[in-house]
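# show me how the following folds:
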Amino acid sequence: MVLHQRYDPQYDLIDHQLFPLTQKCSASYDMVPGFVSPSIVFFLGLTVLCAGAGLGAAVRRRCSASPR
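Numbering: from 1, shown residues only. Presented below is the predicted three-dimensional model:
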């Protein structure tokens, strides 16, 4: 981590993109670390997988508990 970077006001005029996350301070320094965007994708995928597994378990449990 590099501290005390000089802020270049011309980078404030650049449209900020949603993904990959970036916030330029100057031409050579990005305030958003490089691991943030892949982490967001990983944890979003993990959330979808866990929600799918939980939903599948709930459906199986409900189907097996129904009277025959």
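# for the closest residue to Asp8 other than its chain neighbours, give the beta-bridge partners.
The shortest distance from Asp8 to any non-neighbouring residue, by C-beta to C-beta, 6 or more residues apart in numbering, is to Ser26 (4.4 Å). Every residue, glycine included, has its C-beta placed from N, CA and C. Beta bridges link Ser26 to Tyr29, judged by DSSP bridges.
# distance of Ser26 from Arg60?
Counting by C-beta to C-beta, to the nearest Å, the separation of Ser26 from Arg60 is 55 Å.
# looking at the two, which has the bigger crowd around it?
Ser26 (13 against 10; other C-beta atoms under 10 Å).
# would you confirm that that one contacts Pro9?
No - with contact defined as C-beta atoms under 8 Å, Ser26 does not reach Pro9; the gap is 10.0 Å.
# now do the strands in this protein.
24-26, 29-30 (DSSP state E).
# put together JSON lines for the ones you listed, with mean pLDDT on each row.
Shown next, in JSON lines, are the strands of the chain (pLDDT from 0 to 100):
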{"stretch": "strand 24-26", "mean pLDDT": "80"}
{"stretch": "strand 29-30", "mean pLDDT": "81"}
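# which of those sits closest to Gly52?
strand 29-30 (33.8 Å; C-beta to C-beta).
# by contact count, what packs against the closest one?
The helices and strands touching strand 29-30, judged by 3 or more C-beta pairs under 8 Å, 6 or more residues apart in numbering; DSSP states H and E, number zero.
# look up the closest residue to the spatially most central residue of the chain, ignoring the ones flanking it.
What sits nearest the mean C-alpha location of the chain, by C-alpha atoms, centre = their mean, is Ile40, with 1.9 Å. Sequence neighbours aside, Leu21 is the residue nearest to Ile40 in space, at 7.4 Å (criterion: C-beta to C-beta, 6+ apart).
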